[in-house]
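A.B. asks: I'd like to go over a predicted model; first the sequence, then the structure.
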Number of protein chains: 2
Amino acid sequence: MTRPRSRRGGGRPTIADVARKAGVGAITVSRALREPGRVSEDLRRQIQAAVDELGYVPDPNARALASARAEVFGVLVPSLTNNVFAEVVRGIYDSLSDSPFRIQLGNTHYSGLEEERLLQVFALQRPAALIVAGIDQTPLSRKLLETAGCPVVQVMETGPDPVDMLVGFSHFDGGRTATEHLIEMGYRRIAFIGARMDPRSQRRLAGYRAAMEAAGLFDPRLVTTTPLLSSVSLGRELLRDALAKMPSLDGVFCNNDDIALGVLFECRRAAIAVPKTIGIVGFNDLDMMQAAFPSVTSVRTHRYEIGRRAVAMALAAIAGQRPQQRVVDLGFELIRRESTAR
Amino acid sequence: MTRPRSRRGGGRPTIADVARKAGVGAITVSRALREPGRVSEDLRRQIQAAVDELGYVPDPNARALASARAEVFGVLVPSLTNNVFAEVVRGIYDSLSDSPFRIQLGNTHYSGLEEERLLQVFALQRPAALIVAGIDQTPLSRKLLETAGCPVVQVMETGPDPVDMLVGFSHFDGGRTATEHLIEMGYRRIAFIGARMDPRSQRRLAGYRAAMEAAGLFDPRLVTTTPLLSSVSLGRELLRDALAKMPSLDGVFCNNDDIALGVLFECRRAAIAVPKTIGIVGFNDLDMMQAAFPSVTSVRTHRYEIGRRAVAMALAAIAGQRPQQRVVDLGFELIRRESTAR
DNA sequence: CCTTTTTATGGTAGCGCTACCATATTTCCC
DNA sequence: GGGAAATATGGTAGCGCTACCATAAAAAGG
């Protein structure tokens, strides 16, 4: 006579096994595990003993089906290889590693359509929370987020109109601050060089432009952009392009640190003195900016902290707490280094 | 009178709705979606029409519960910010984006214990396949992989005894080839500099040592390592340490490209000529190695391809095909550049 | 002391899907 | 043309868990 239970399953103990062993109902086991406060001290101990003895672990799939809510955070980022998002994701992972929540990571490849597709897939799982990069969702994506029925945290930016919650900083201000620093250090013909001109890069460019116009220095020929993905090599090429258009440029604000490093290498290869002839500012302040020779001025952003804060806000919302502030601006810092020390 | 169905669910159409609309049994709908070949052309069309009209999408949680198998690939990597693993993960994501499989990503932080913990969590979901970095699992991890009941692909290395399948290359050979290149170019007091000495780095070091000993050049004072995580800044520090121990060194084989870049920057800062006074070789050949000035010789590894191949092998195994080869060596290439062109 | 409210526990009925088996229906073969 | 084998479809019974409601026991209130 074979035991009828676990006909297909791998024979793992189920909640019924625990209930039998502890001499209680299955539902009480379920409660003891999820809401210990609602079960008497006595039974709780008995149940815990049975759980330990059998090595019972709840099946996440059964749980998700029965409760129509999976213990999953959906996370959507535009890139997995870009160090910036890798840091945000790391902050999210670290913050969730001690919680029961798993992470469902999606890569939108900077595509709104792909973001819509992934949000649709993610919604099927009824996630406990959604974390998405940026605030420029398509109308459909925004509707999907609004109707997801779970806390939503947009990250990396600030803005006036979050779907639910928002953690980040102002890319416009970052771009303006970087440019003002170059102006302050005496540079005048300051170029903007940017690859992968996503909305955040566009706002950095807008900040650059605002600073340049305020100083009466703006000239459209100073701006060199491309939709290609950022890379160090691309930074080299873009500086060559920028110099071809405007041989007299004396400063560069780079969209990000990869580009800045490429610009630095190209300057050295072309024997252009940094910071004497050309000043360079990057964005994000990756570790290598500090190590470079000359070290490179950059706008430090708090990417890891953005990930952590996003999770903290989502967890609070799941626990039913309304946040003090739905929009958190974590700011940035200009780190002055040799590349602009004229 | 309220409709009893979708008591808790969000009112999404279920397989029963589709079956009713198409005038068939629920199980036939299920089959039409999963094994179209087993359902007649006629019904398939009817069912497809009903699916389209209702916008039906199967519930992954219900599917996982009923079939005791989730459409999930578990992926375990030691780091999310290390570009090397980010590329592997990108290859995995890209290969799975058109499949029904989701990805469950875990970060072991280079810890065997954490790997065990994550494997235990992942196993609960009964994933369709597991992809793990490295071949140095703890005995418990190895047992968990063997009893997971799904295809397992270890990646990043080659080796004699895979749990199931294996895609990668020989780090020992990579280290030896890099070192032999330096010897061939006339360098003699060649240092090894390495951070985060995980098993793969250890094997690169072993390859270095083999090449040095074969040439009668090995000296333990040439080896500088640290368990700290790799970074460009750390590369600078380690070169200083290495020079303090052995001021006459004339070549450096670096554990990875971040370290190599740090070494390059430190050389420039200390006005040490590269490649004249010191030759530098990195490992992985990140884009920036080509862009650097001077450009840096490195061992190119096929990280994205490793991810793609791992998925291809896993999918084949899921489809019931026994692989031609359980171990795939994707090799590497030494890319010679200015940093060793004495 | 007898209601009314609260607290603690359990039973039942699914969540939406698929494994398993049963039942036609068709095709094949000698 | 009759029986075996293959093909096509459906019914039933769960997968392991939790929402919902019911009930019993204890606490509170007058």
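C.D. replies: The structure has been received and is ready for your questions.
A.B. asks: only C-alpha atoms for contact and neighbour calcs from this point on.
C.D. replies: Noted.
A.B. asks: next one: residue A:37 from DNA strand C, what distance?
C.D. replies: The gap separating residue A:37 from DNA strand C is 7 Å, by CA to the nearest atom of the strand, to the nearest Å.
A.B. asks: contact partners for that residue?
C.D. replies: With contacts taken as CA atoms under 8 Å, 6 or more residues apart in numbering or on different chains, residue A:37 has no neighbouring residues.
A.B. asks: can you check the pLDDT for it?
C.D. replies: pLDDT, residue A:37: 89.
A.B. asks: from residue A:45, how far off is it?
C.D. replies: 12 Å (CA to CA, to the nearest Å).
A.B. asks: for residue A:277, same thing?
C.D. replies: From residue A:277 over to residue A:45 (counting by CA to CA), the distance is 74 Å.
A.B. asks: ditto for residue A:291
C.D. replies: 56 Å.
A.B. asks: those two: which has the busier surroundings?
C.D. replies: Regarding residue A:291 and residue A:45, a neighbour count based on other CA atoms under 10 Å in any protein chain shown identifies residue A:291 as having more, with 23 against 14.
A.B. asks: the more buried one contacts residue B:237, doesn't it?
C.D. replies: No. Here residue A:291 lies out of contact with residue B:237, judged by CA atoms under 8 Å, at a distance of 9.8 Å.
A.B. asks: where does chain A have low pLDDT?
C.D. replies: A:1-10 (pLDDT under 70).
A.B. asks: any idea how far the residue most central in space within it is from residue A:341?
C.D. replies: Of all residues in chain A, the one closest to the mean position by CA atoms, centre = their mean is residue A:88, 4.0 Å from it. Between residue A:88 and residue A:341 the computed distance is 31 Å (CA to CA).
A.B. asks: kindly report the same for residue A:102.
C.D. replies: Applying CA to CA to residue A:102 and residue A:341 gives a distance of 46 Å.
A.B. asks: between the two, which is the more surrounded one?
C.D. replies: Neighbours were counted for residue A:102 and for residue A:341 using other CA under 10 Å; residue A:102 has more, 22 against 18.
A.B. asks: give me the number of residues near the residue nearest to that one when sequence neighbours are not counted?
C.D. replies: Computed as CA to CA, 6 or more residues apart in numbering or on different chains, the closest residue to residue A:102 that is not its neighbour in sequence is residue A:72, at 4.7 Å. With neighbours defined by other CA under 10 Å, the count for residue A:72 comes to 21.
A.B. asks: any idea how far residue A:72 is from residue A:123?
C.D. replies: 11 Å.
A.B. asks: residues from the stretch 1-150 of chain A in reach of chain B?
C.D. replies: A:8-9, A:57, A:59-62, A:64-65, A:68, A:80-81, A:83, A:86-87, A:89-90, A:93, A:102-105, A:107, A:124-125 (CA under 8 Å from any CA of the partner chain).
A.B. asks: report the buried members of those.
C.D. replies: Buried members of the residues of the stretch 1-150 of chain A next to chain B, scored by 16 or more other CA atoms under 10 Å in any protein chain shown, are A:59-62, A:64-65, A:68, A:80-81, A:83, A:86-87, A:89-90, A:93, A:102-105, A:107, A:124-125.
A.B. asks: ok, now which ones touch the closest residue to DNA strand D within the stretch 151-300 of chain A?
C.D. replies: Residue nearest to DNA strand D within the stretch 151-300 of chain A: residue A:151 (17.0 Å; CA to the nearest atom of the strand). The contact partners of residue A:151, by CA under 8 Å, 6+ apart, come to A:128-130, A:164-165, A:314, A:317-318.
A.B. asks: and the residues you listed, which is closest to chain B?
C.D. replies: residue A:128 (13.9 Å; CA to the nearest CA).
A.B. asks: go ahead and confirm that closest one touches residue A:75.
C.D. replies: No. Look at residue A:128 against residue A:75 with CA under 8 Å: they stay out of range, at 11.1 Å.
A.B. asks: which residues in chain A form strands?
C.D. replies: Shown for chain A, the strands assigned by DSSP state E span residues A:72-77, A:102-107, A:129-133, A:152-155, A:165-168, A:190-194, A:223-225, A:251-254, A:279-284, A:297-301, A:327-329, A:332-335.
A.B. asks: which of the ones you listed sits most buried?
C.D. replies: strand A:251-254 (a mean of 30; mean count of other CA atoms under 10 Å in any protein chain shown).
A.B. asks: hey, C-alpha coordinates of it in PDB?
C.D. replies: What follows is strand A:251-254 as a C-alpha-only set of coordinates in PDB (Å, rounded to 0.1, in the frame of the first residue of the first chain):
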ATOM      1  CA  GLY A 251      36.500  71.400 -21.100                       C
ATOM      2  CA  VAL A 252      34.300  68.400 -21.300                       C
ATOM      3  CA  PHE A 253      31.300  67.300 -19.200                       C
ATOM      4  CA  CYS A 254      30.700  63.700 -19.900                       C
END
